[in-house]
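Visitor: Sharing a sequence plus its predicted fold:
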Amino acid sequence: MPDPRWETLADTLIRYSTRLQPGESLLVECVDLDDDVLPRLIVQKAGRLGAIALVDLKRSRIVREMLRGATEPQLQCWAATESFRMDRMQAYIGLRGSDNVSELVDVPPDRMNLYNQHFMTPVHFERRIKNTRWCVLRMPGPAMAQLAGMSTEAFEDFYFEACNVDYPLLAKALKPLVQLMEDAREVRITGPDTDLRFSIEGIPVVPCAGEMNIPDGEVFTAPVKDSVEGFIRFNAPTIYQGSAFDGIRLEFRQGRICKATCEAGDEERLNRILQADDGASFIGEWSLGCNPKIQRPMRDILFDEKIAGSFHLTPGNAYDEADNGNRSKIHWDLVQIQTPEFGGGTVSFDGKPIRVDGRFVDDSLHALDPD
């Protein structure tokens, strides 16, 4: 009999995240899964509902081989095939394992750019994100536990605590923060090696409480494209396109990244990513993390961007829901944690502190603090 926590998660994905209806089609894309409990439960529950579930199994090592020798016609053929299928889906669930988070690190940068341009953009940015009710989540295992510095069993307990929060209750708790952000014009962020200003005036504000990511808990918007000024150092480690980076520091002038360095990682590769196209050097998203069960980084962005007391700033493509007009083949969430053990810091709206050292100032927002 499956662990009842998997049953809870499967129910959330079907009934809450994707809101699957009878007669609809659902694509379940599984990457590097060693355990089939969750996809089987999803297929069962979709069938009982009268929906159609299709399952696609992928392995990162095979994708790596495809990308290392990728050509534009090959990627266009692959994208056309998957686009045909995606166009027929009303819902999508991405279940992503992590046998080796660095599997794609030796794919040449020019091939990664081709992949992002000719596959990721048409299949995922233009079709899945815009036209399906989608949700993406990581799957627990020894590799993820190792990244988090935890035993496999302890990590599994943490995983279910973070993923199976009461999302309707969280959605209610996020509403006052949404209102504050909608009323704000200028954001200022200060902290260790950080002094950043930008406008969010006129950009929509979107709460996230289990509809598109599991785990969830954030409220996002985007800076006015050319308004970002100052400098920032991110203190959460990150992995992007298979490469690890620590201590990324960015400087901005008129919205554009004018200097990028890192304390650990390939600085040349960092700059190549941020120069992949014109939009890669502008910011497409800014978000406050609010999942009270996630309090430290683990090099997995689906968890780290939700850390209570954190925010993330995203070079690259803006989401349609909070669109500042920036377009790019990349979307890279970079996280700064502002709790005292990570150096503290302040987020202010129009000169008024909203969150200090990772804790909200307004009484109406205390439900979003870690304890």
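Guide: In hand now; what should we look at?
Visitor: Secondary structure element for Gly94, which one?
Guide: Using DSSP states H and E, the element containing Gly94 is strand 91-96.
Visitor: no no, Val63
Guide: If you go by DSSP H and E, Val63 is part of helix 60-68.
Visitor: Report the next helix or strand after that helix in sequence order.
Guide: For helix 60-68, the succeeding helix or strand toward the C-terminus, using DSSP H and E, is helix 72-86.
Visitor: Strand 91-96 and that following helix, what's the angle between them?
Guide: 130 degrees (axes from the mean of the first three to the mean of the last three CA atoms, to 10 degrees).
Visitor: how near is the nearest residue to Thr121 once chain neighbours are set aside to Met66?
Guide: Spatial nearest neighbour of Thr121, excluding adjacent residues (CB to CB, 6 or more residues apart in numbering): Lys329 at 5.6 Å. Bear in mind the C-beta positions are built from the backbone N, C-alpha and C, glycine included. Lys329 sits 18 Å away from Met66, taking CB to CB, to the nearest Å as the criterion.
Visitor: Just want to know which of these two has more residues nearby.
Guide: Of the pair Lys329 and Met66, Lys329 is the one with more neighbours under other CB atoms under 10 Å, namely 21 against 15.
Visitor: Give me the helices and strands touching whatever helix or strand Ile273 lives in, please.
Guide: Counting by DSSP H and E, the element that carries Ile273 is helix 267-274. Counting contacts by 3 or more CB pairs under 8 Å, 6 or more residues apart in numbering; DSSP states H and E, helix 267-274 is packed against helix 109-115, strand 256-261.
Visitor: quick check, distance from the helix or strand following the longest one to the centre of its chain.
Guide: Once helix 109-115 ends, the next helix or strand along the chain (criterion: DSSP H and E) is helix 129-131. Here helix 129-131 shows a centroid-to-chain-centroid distance of 15 Å under the convention CA atoms, centre = their mean, to the nearest Å.
Visitor: for stretch 262-282, same thing?
Guide: When C-alpha coordinates are averaged (CA atoms, centre = their mean), stretch 262-282 and its chain have centres 18 Å apart.
Visitor: now stretch 57-74
Guide: Worked out by CA atoms, centre = their mean, stretch 57-74 lies 23 Å from the chain centre.
Visitor: Which residues does it contact?
Guide: With CB atoms under 8 Å, 6 or more residues apart in numbering as the test, stretch 57-74 has contacts from 29-33, 78, 99-100, 103-104, 106-108, 111-112, 114-115, 118.
Visitor: one more time with 10 Å
Guide: By CB atoms under 10 Å, 6 or more residues apart in numbering, the residues outside stretch 57-74 that reach it are 28-33, 36, 39, 75, 77-78, 95-108, 110-112, 114-115, 117-119, 242.
Visitor: Next, Trp286: secondary structure please.
Guide: Each residue gets one of three states, and Trp286 gets strand by DSSP: H, G, I helix; E, B strand; the rest coil.
Visitor: And for Glu65, the neighbour number?
Guide: Counted with other CB under 10 Å, Glu65 comes out at 12.
Visitor: so who does Gln146 touch?
Guide: Ser98, Val101, Thr152, Phe155, Met298, Arg299.
Visitor: Determine the three-state secondary structure at the first one.
Guide: Right, the one you point to is Ser98. coil.
Visitor: Tell me which residues touch it, please.
Guide: By CB under 10 Å, 6+ apart, the contact set of Ser98 is 31-32, 60, 138-147, 239, 299-300.
Visitor: One more: the fourth one?
Guide: Shown in contact with Phe155 (CB under 10 Å, 6+ apart): Pro140, Gly141, Pro142, Met144, Ala145, Gln146, Leu147, Ala148, Gly149, Met298.
Visitor: swap the cut-off to 6 Å and go again
Guide: Ala145, Ala148 (CB atoms under 6 Å, 6 or more residues apart in numbering).
Visitor: which element is it on?
Guide: helix 152-163.
Visitor: how far is the helix or strand just after that helix from where the chain is centred?
Guide: Downstream of helix 152-163, the first helix or strand assigned by DSSP H and E is helix 167-183. In terms of CA atoms, centre = their mean, the centre of helix 167-183 is set 19 Å apart from its chain centre.
Visitor: Give me the most central residue, the chain.
Guide: In the chain, the C-alpha nearest the mean C-alpha coordinate belongs to Leu302, at 4.7 Å (CA atoms, centre = their mean).
Visitor: Please tell me how far it sits from Arg138.
Guide: 5 Å.
Visitor: related to what we said a few turns ago, ChimeraX command to pick out the buried ones of the contacts of Ser98?
Guide: Selection of the buried residues among the contacts of Ser98 in ChimeraX, burial being defined by 16 or more other CB atoms under 10 Å:
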select :31,32,60,138,139,140,141,143,144,145,146,147,239,299,300
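Visitor: If you count neighbours, what's buried in stretch 88-108?
Guide: In stretch 88-108, counting by 16+ other CB under 10 Å, buried: 89-99, 101, 103-104, 107.
Visitor: Could you do stretch 110-123 as well?
Guide: 111-123.
Visitor: How about residues contacting the helix or strand containing Ile232?
Guide: Assigning secondary structure by DSSP H and E places Ile232 in strand 229-233. Under the criterion CB under 6 Å, 6+ apart, residues Asp193, Thr194, Asp195, Leu196, Arg197, Arg249, Leu250, Glu251, Phe252 lie in contact with strand 229-233.
Visitor: Next, the angle from the strand holding Gly94 to helix 60-68.
Guide: In terms of direction (the same axes, to 10 degrees), strand 91-96 departs from helix 60-68 by 100 degrees.
Visitor: Strand 91-96 pairs with which strands?
Guide: Note on strand 91-96: by DSSP bridges, its sheet partners are strand 25-31 (parallel), strand 133-138 (parallel).
Visitor: Could you tell me how far that strand lies from the centre of the chain?
Guide: Distance of strand 91-96 from its chain centroid, counting by CA atoms, centre = their mean, is 13 Å.
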